[in-house]
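**Student:** Need a 3D model of the following:
(one chain, ligands or ions: 1)
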Amino acid sequence: MIPYSTQLIDEDDIQAITEVLRSSHLTQGPVVEAFEQSLCDYTGSKYAVTFNSATSALMGAYAIAGIGQDDEIITTPISFVATSNMAIALGAKPVFCDVKLDGNIDERLIERLITSKTKAIVPVHFGGKPVALEKIKEISKKHRLLVIEDASHALGSEINGKKIGSLSDMTIFSFHAIKPITTGEGGAVLTDNAEYAEKLRRFRSHGIVKKKFWNSDMVEMGYNYRLTDISAALGLSQMKKLDHFIKQRNEIAAYYDERFKGHKLFQTIPIPQNERSARHLYPITLIPGLHCPKEDVFAALHEKGIGVQVHYKPIHLNSFYIEKYGKQSLSVAEDFYRSELSLPCQQKMTIEDAVYVADNFLEILEEYRIKGCSF
Ligand SMILES: *Cc1c(COP(=O)(O)O)cnc(C)c1O
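**Tutor:** The predicted model follows:
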């Protein structure tokens, strides 16, 4: 199977982990700090606070921003559920804004969703393609809101030569196995705000402040959301390869772009000249005539060893959300869900793999365009 995304682990990664295992600190040691520093160096952000997942990092960012009971955040339904779940976990309500044809939040629709309860705008760089961050920052400034980016797909993505990670109040990355780099499980919040960084460090470690010798003080609620040095060693080693991974993924994507140009049965999502995508995903959107047979297309591709996936079931369509907030309708997001397929695009693939994917994909689409649905 050629998965839609996967990790690439080599001997240096294994060596780096082994070194930590032989050292005195498996956690709360120097490698976590070194990994955090490498994230700062790479993105140009002042502070990086690692967490044991992007989910806990999102919770930390929302919590220290003061997002709580009865507050609202404006976010996108085309994301993994963690983006909005963590706001709910703190007693806040996620307000979903519809998306554009590229799967990113539609910045033109944000302002009308702002209420006196809104605290933050939380965009997601879908697949690694940057959102309209300048416009979103303008809106947030006007209404005194925070911008907290869920950049789980976008470590290495750029807008006008500037890396995602240093461009808003807080930026969250995920280091889950299949994300742009991995620590197994892991995440981070990046910020230029010293006070936020300090609060985030407290939040991930029981709300405790160290005093003289054995004395410490628990000043506020906190958790154990720390990343281990074992995981951080993998992250630090992976950071050395990040640009190479992105280059590989972009070569696969460039092949697809060229091969699929002007295709009549689906659209690709081009990346503008002034942006770089980390290419966590290579999404395409099928024409309406192929929405119905999408399950068959999916199954036929898996049959051929091509591990396509669909990103995402819009969050508001999950039963938990329907029970809590009632049935909402966001037509572009729902259409996106009906039409989207993520084709394999990862650093382990060769161009021959991409040719295999493209050949089979085009052949199968043609077949089901004629056949229609099997159900
Ligand atoms: C993967 C992902 C998360 C959650 O990341 P974890 O590290 O698995 O907790 C959150 N948001 C988005 C957009 C993601 O893709």
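
**Student:** C-alpha only now, for contacts and for neighbours.
**Tutor:** OK.

**Student:** any idea of the mean pLDDT for the helix or strand encompassing Glu258?
**Tutor:** Using DSSP states H and E, Glu258 sits within helix 242-260. Mean pLDDT, helix 242-260: 98.

**Student:** Show me what it is packed against.
**Tutor:** In terms of contact count using 3 or more CA pairs under 8 Å, 6 or more residues apart in numbering; DSSP states H and E, helix 242-260 is assigned the packing partners helix 351-371.

**Student:** Please repeat the previous calculation with a cut-off of 10 Å.
**Tutor:** helix 229-239, strand 266-268, strand 282-286, helix 351-371 (3 or more CA pairs under 10 Å, 6 or more residues apart in numbering; DSSP states H and E).

**Student:** buried set for the first one?
**Tutor:** Of the residues in helix 229-239, those buried under the neighbour-count criterion (16 or more other CA atoms under 10 Å) are 229-239.

**Student:** and what of the last one?
**Tutor:** By neighbour count with 16+ other CA under 10 Å, helix 351-371 contains the buried residues 353-354, 357-358, 360-361, 364-365, 368-369.

**Student:** Can you check what angle separates that helix from strand 282-286?
**Tutor:** Helix 351-371 runs at 10 degrees relative to strand 282-286, counting by axes from the mean of the first three to the mean of the last three CA atoms, to 10 degrees.

**Student:** And the first one, by the same measure?
**Tutor:** Counting by the same axes, to 10 degrees, helix 229-239 lies at 80 degrees to strand 282-286.

**Student:** quick check, helix 229-239 touching the ligand?
**Tutor:** No: using CA under 6 Å from any ligand atom, helix 229-239 stays clear of the ligand, with a minimum separation of 12.5 Å.

**Student:** and the angle for that helix with helix 242-260?
**Tutor:** Going by the same axes, to 10 degrees, helix 229-239 makes 60 degrees with helix 242-260.

**Student:** and the stretch 1-150 of the chain, which residues reach the ligand?
**Tutor:** Neighbours of the ligand within the stretch 1-150 of the chain, by CA under 6 Å from any ligand atom: 53-55, 79-80, 82-83, 124, 150.

**Student:** who touches the closest residue to Val81 other than its chain neighbours in this structure?
**Tutor:** Excluding the flanking residues, the one nearest Val81 by CA to CA, 6 or more residues apart in numbering is Ile315, at 5.9 Å. Taking CA atoms under 10 Å, 6 or more residues apart in numbering, we find Ile315 in contact with 76-85, 96, 321-322, 333.

**Student:** cool, and Pro30?
**Tutor:** Counting by CA under 10 Å, 6+ apart, Pro30 touches 20, 36, 229, 232-233.

**Student:** and the two most separated of those?
**Tutor:** The span of the contacts of Pro30, defined through CA to CA, is set by Val20 and Glu36 at 16.0 Å.

**Student:** one step back: okay, the helices and strands packed on helix 242-260 in CSV with distance to Thr191 and mean pLDDT next?
**Tutor:** Shown next, in CSV, are the helices and strands packed on helix 242-260 (distance: least, CA to CA, whole Å; pLDDT from 0 to 100):
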stretch, distance to Thr191, mean pLDDT
helix 229-239, 18, 98
strand 266-268, 33, 98
strand 282-286, 28, 98
helix 351-371, 37, 97
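
**Student:** Would you format those as JSON lines with distance to Ala194 included?
**Tutor:** Supplementary listing: the helices and strands packed on helix 242-260 in JSON lines, determined by distance: least, CA to CA, whole Å:
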{"stretch": "helix 229-239", "distance to Ala194": "22"}
{"stretch": "strand 266-268", "distance to Ala194": "40"}
{"stretch": "strand 282-286", "distance to Ala194": "36"}
{"stretch": "helix 351-371", "distance to Ala194": "44"}
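
**Student:** Report the secondary structure element holding Ile73.
**Tutor:** Here Ile73, judged by DSSP H and E, is contained in strand 72-75.

**Student:** still on that earlier bit, for the helix holding Glu258, buried residues please.
**Tutor:** Those would be 242-243, 245-253, 256-257, 260, for helix 242-260 by 16+ other CA under 10 Å.

**Student:** Just the CA trace of it, in PDB.
**Tutor:** Coordinates of each C-alpha in helix 242-260 appear next as PDB, following Å, rounded to 0.1, in the frame of the first residue of the first chain:
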ATOM      1  CA  LEU A 242      12.300  18.600   7.100                       C
ATOM      2  CA  ASP A 243      13.300  20.700   4.100                       C
ATOM      3  CA  HIS A 244      14.300  17.600   2.200                       C
ATOM      4  CA  PHE A 245      10.900  16.000   3.100                       C
ATOM      5  CA  ILE A 246       9.100  19.100   1.800                       C
ATOM      6  CA  LYS A 247      11.100  19.100  -1.400                       C
ATOM      7  CA  GLN A 248      10.300  15.400  -2.000                       C
ATOM      8  CA  ARG A 249       6.600  16.000  -1.300                       C
ATOM      9  CA  ASN A 250       6.600  19.000  -3.600                       C
ATOM     10  CA  GLU A 251       8.200  17.000  -6.400                       C
ATOM     11  CA  ILE A 252       5.400  14.400  -6.200                       C
ATOM     12  CA  ALA A 253       2.800  17.300  -6.100                       C
ATOM     13  CA  ALA A 254       4.400  19.000  -9.100                       C
ATOM     14  CA  TYR A 255       4.200  15.800 -11.100                       C
ATOM     15  CA  TYR A 256       0.500  15.400 -10.200                       C
ATOM     16  CA  ASP A 257      -0.100  19.100 -11.000                       C
ATOM     17  CA  GLU A 258       1.400  18.800 -14.400                       C
ATOM     18  CA  ARG A 259      -0.300  15.400 -15.200                       C
ATOM     19  CA  PHE A 260      -3.700  16.500 -14.000                       C
END
